[in-house]
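Novice: Please work out how this folds:
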Amino acid sequence: MRERRAAGLEILDLTASNPTRCGFVYDEEGILAALGDREALVYDPEPHGMLLARESVCRYYAERGAVVEPEQVFLTTSTSEAYSWLFRLLCDAGDEVLIAQPSYPLFDFLAQIEDVRLAPYPLVYDHGWQIDFAELRARVTARTKAIAVVHPNNPTGHFTKEAERRELEKVCVEFGLALIVDEVFLDSSAGGERFDRALAERRGLAQSFATGEHPVLTFVLSGISKIAALPQMKAAWICAFGREQDLTEALGRLEVVADTFLSMNAPVQCALPAWLAGSGATQEQIRARTRGNLVVLDQILLQNRAVTRLEVEAGWYAVLRVPALGSDEDLAVRLVEERGVSVHPGYFFGFAGDGWLVVSLLTPEDKFRRGVEAICGMFGSARD
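Specialist: Sure thing, here's the model as predicted:
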């Protein structure tokens, strides 16, 4: 990649996942004006975060059918920090957290930093993604403290189904585990619709895990990196749920962790209500882009019998199945060298074996089309 850039050659970057560099139109004045609140000039440390900011998070969930009280919310600078706090809360050194695979590779580094071990449980693909509960149960040990779920998953785009949610909670009750649910992509339905309760019911999907009863200690994570497509503004949160005694103890212990760091800065907290309120226009652009690129992808694949894509329900990525003629890494390097196309090899996300590529649906349309055509050209493009 460096050599190609140095030579002034074009790169069709199908790994692009930074929305601020993907050609979307932002309300620049409104975003920046929200940082000018004079309340940010006063230092008023609050472990949970400013009340006005937490109330805006509660409104976000109210729009999705969930009742969340401000005292259940902890503001963090990122979901990465949220994971770190929860690993500190739930685990001693050497304890385990179960997490789905394929999944985003950042979790491994976060766990290592906290001296926690991640134990993968498989997502299997059979006309769509699903959790392999037999394997999940088999991987619970005496050191297991929690199950982590990304809803919808990154990069597979798999929404947890309502039946899967009930089974996850059943497993947690049986083994005395907490449930960590990352919902940063909740609003990014690949069908182009805003995710809501009616949509979830029609498709048999779990709604936000903030809704409904919580028979186990449950922590729901999200933030504006995906909701408002503002990853640089560093604002996220943890919402805690559970039975009264367990929840009260968890809130108290989590408050100690939060008070130790007091990490989120005041201007961002003051701006959070405006950014959440104004996120709809950017979300619409992103849904239109991902939906349009999926249409383009399917049109191109109709002319190619060697490359297929897996079903995607949400998120910013598509998973391609390609002939396993060598390692995914070698293929990714060849695509850069020979075609000027950058993709993620499947092993980045824990896909088993070779023959997997992951491409970003945020890529501007023209580059996406040419990039996919170049990938298909590596294997021949004609169906006849």
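Novice: which residue ranges form the helices in the chain?
Specialist: Ranges of helices in the chain, per DSSP state H, are 2-6, 28-33, 51-62, 79-90, 106-113, 133-138, 162-175, 197-203, 224-227, 244-261, 266-277, 280-301, 328-334, 365-377.
Novice: Between these, pick out the one with the smallest average pLDDT, please.
Specialist: Comparing mean pLDDT across those, the weakest is helix 197-203, with a mean of 74.
Novice: Name the residues of stretch 178-192 that come out as buried.
Specialist: Using 16 or more other C-beta atoms under 10 Å as the test for burial, stretch 178-192 gives 178-190. All C-beta atoms are positioned from the backbone trio N, CA, C, and that covers glycine.
Novice: Output these in a markdown table, with pLDDT and distance to Leu247 appended to each entry.
Specialist: Listed next are the buried residues of stretch 178-192 as a markdown table, based on pLDDT from 0 to 100; distance: C-beta to C-beta, whole Å:
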| residue | pLDDT | distance to Leu247 |
| --- | --- | --- |
| Ala178 | 98 | 11 |
| Leu179 | 98 | 13 |
| Ile180 | 98 | 15 |
| Val181 | 98 | 15 |
| Asp182 | 97 | 19 |
| Glu183 | 97 | 19 |
| Val184 | 96 | 23 |
| Phe185 | 95 | 26 |
| Leu186 | 94 | 22 |
| Asp187 | 91 | 26 |
| Ser188 | 87 | 29 |
| Ser189 | 82 | 30 |
| Ala190 | 73 | 34 |
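Novice: thinking again about what came up before, TSV for the helices of the chain, including mean neighbour count and distance to Gly340?
Specialist: Output for these, formatted as TSV (neighbours: other C-beta atoms under 10 Å; distance: least, C-beta to C-beta, whole Å):
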stretch	mean neighbour count	distance to Gly340
helix 2-6	9	7
helix 28-33	12	31
helix 51-62	19	40
helix 79-90	22	32
helix 106-113	16	27
helix 133-138	14	40
helix 162-175	16	40
helix 197-203	13	38
helix 224-227	23	28
helix 244-261	14	43
helix 266-277	20	36
helix 280-301	17	17
helix 328-334	17	11
helix 365-377	19	7
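Novice: For this protein, which strand extends over the most residues?
Specialist: Longest strand in the chain, counting residues (DSSP state E): strand 117-125.
Novice: Tell me the helices and strands packed up against it.
Specialist: Helices and strands touching strand 117-125, by 3 or more C-beta pairs under 8 Å, 6 or more residues apart in numbering; DSSP states H and E, are strand 96-101, helix 106-113, strand 129-131, helix 133-138.
Novice: looking at these, which is closest to Ala352?
Specialist: strand 96-101 (8.4 Å; C-beta to C-beta).
Novice: and the angle from the closest one to helix 106-113?
Specialist: 170 degrees (axes from the mean of the first three to the mean of the last three C-alpha atoms, to 10 degrees).
Novice: contact partners of strand 96-101?
Specialist: Residues outside strand 96-101 that contact it (C-beta atoms under 8 Å, 6 or more residues apart in numbering) are 87, 90-91, 107, 111, 116-123, 131, 136, 139-141, 143-150, 153, 180, 349-350.
Novice: which of those residues count as buried?
Specialist: Among these, those classed as buried by 16+ other C-beta under 10 Å are 87, 90-91, 107, 111, 116-123, 131, 136, 139-140, 144-150, 153, 180, 349-350.
Novice: picking that back up, reformat the helices and strands packed on strand 117-125 as JSON lines; add distance to His158.
Specialist: Compiled in JSON lines, those are given as follows (distance: least, C-beta to C-beta, whole Å):
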{"stretch": "strand 96-101", "distance to His158": "8"}
{"stretch": "helix 106-113", "distance to His158": "16"}
{"stretch": "strand 129-131", "distance to His158": "3"}
{"stretch": "helix 133-138", "distance to His158": "14"}
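Novice: All set, thanks.
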